[in-house]
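K.L.:
Sequence and computational prediction follow.
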Amino acid sequence: MKILVCGFSSFPGAPRNPTETMVRTLESDPRHGEAFHAAVLPVEWETSWPRLRTLIETLAPTSVVLFGLHKRAERLRIERVARNRRKLGQADATGAFPAGPAVLDGPEALACRMPWKAVTSALRGAGVSFEWSSDAGGYLCNDTLYRLAFNADALGVRDFGFFHVPLSDEAAAQADEIEGMPEVFCSMPAARIAAAALALVDELGSGTAAV
């Protein structure tokens with residue numbers, strides 16, 4: 001049973017993406033490459049999904065877990081739904097813009113598919129606070145999640161989901177360098193973000209999780 005965990009690279013307004021730091025931490029785990037694989041996806045409209053799809057086709061994971069940054073999140077945010085929408089005028093890391101308002105010719109929304117009871121139990125056990133959300137936004141995170149949900153069955157992916165994280169404490173200490181920051185915001189230790197990812201890896205890899 002293989003698990004693929006992905007974070008995202010930096011993007012306009014977020015020169016330090018804590019999910020990229022999370023991936024680097026996971027890469028140092030001795031189980032990396034055997035129990036799970038961690039990778040960073042580019043924040044680019046045209047290449048994020050092709051990169052993820054290639055990883056899935058190469059590694060054949062049973063579960064795919066995505067993590068992205070939400071600067072206004074107060075805690076870990078479990079995204080339940082991928083939306084078929086793009087926020088026009090939102091530049092990616094290369095300065096490119098989305099080609100249209102919809103991700104694909106598909107349903108308005110697609111539900112994520114995770115063993116939610118087991119997921120929440122694992123997060124609580126790791127001491128990670130969280131909240132639920134049905135709006136993953138209209139940027140690259142949602143775009144990639146929708147494409148994953150749309151293609152999961154064809155690619156043999158059983159479980160898939162997306163988690164928004166707040167800024168890490170380390171990045172928040174340099175928030176004056178980050179554009180578009182709210183006047184009041186929350187942060188989370190980088191180690192706690194990595195702990196959340198590893199808790200999910202352990203739970204999904206146990207093979208006993210029930211929806």
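P.N.:
Yes, it's here. Numbers count the residues shown, from 1 in each chain.
K.L.:
Off-centre distance for the lowest-mean-pLDDT helix or strand in the chain?
P.N.:
In the chain, the helix or strand scored least confidently by mean pLDDT, DSSP states H and E is helix 169-172, which has a mean of 75. Centroid separation for helix 169-172 versus its chain: 18 Å, with Cα atoms, centre = their mean, to the nearest Å.
K.L.:
Please identify the buried residues of that helix?
P.N.:
For helix 169-172, a neighbour-count test (16 or more other Cβ atoms under 10 Å) marks 169, 171-172 as buried. Every C-beta, even on glycine, is put in place using the N, C-alpha and C of the backbone.
K.L.:
Next, name the residue at the spatial heart of the protein.
P.N.:
F67 (2.0 Å; Cα atoms, centre = their mean).
K.L.:
tell me the secondary structure for it?
P.N.:
strand (DSSP: H, G, I helix; E, B strand; the rest coil).
K.L.:
re earlier: can I get the CA coordinates of the least confident helix or strand of the chain in PDB?
P.N.:
Extracted in PDB, the C-alpha atoms of helix 169-172 (Å, rounded to 0.1, in the frame of the first residue of the first chain):
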ATOM      1  CA  ASP A 169       5.400  29.900  13.000                       C
ATOM      2  CA  GLU A 170       8.700  30.300  11.200                       C
ATOM      3  CA  ALA A 171       7.200  32.000   8.200                       C
ATOM      4  CA  ALA A 172       4.900  34.100  10.400                       C
END
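K.L.:
Give me the residues contacting it.
P.N.:
With Cβ atoms under 8 Å, 6 or more residues apart in numbering as the test, helix 169-172 has contacts from 16, 18, 21, 178, 185, 187-190.
K.L.:
Show me what the helix or strand that it is followed by is packed up against.
P.N.:
Following helix 169-172 in sequence order, the next helix or strand is strand 187-188 (DSSP states H and E). Counting by 3 or more Cβ pairs under 8 Å, 6 or more residues apart in numbering; DSSP states H and E, the packing neighbours recorded for strand 187-188 are strand 167-168, helix 169-172.
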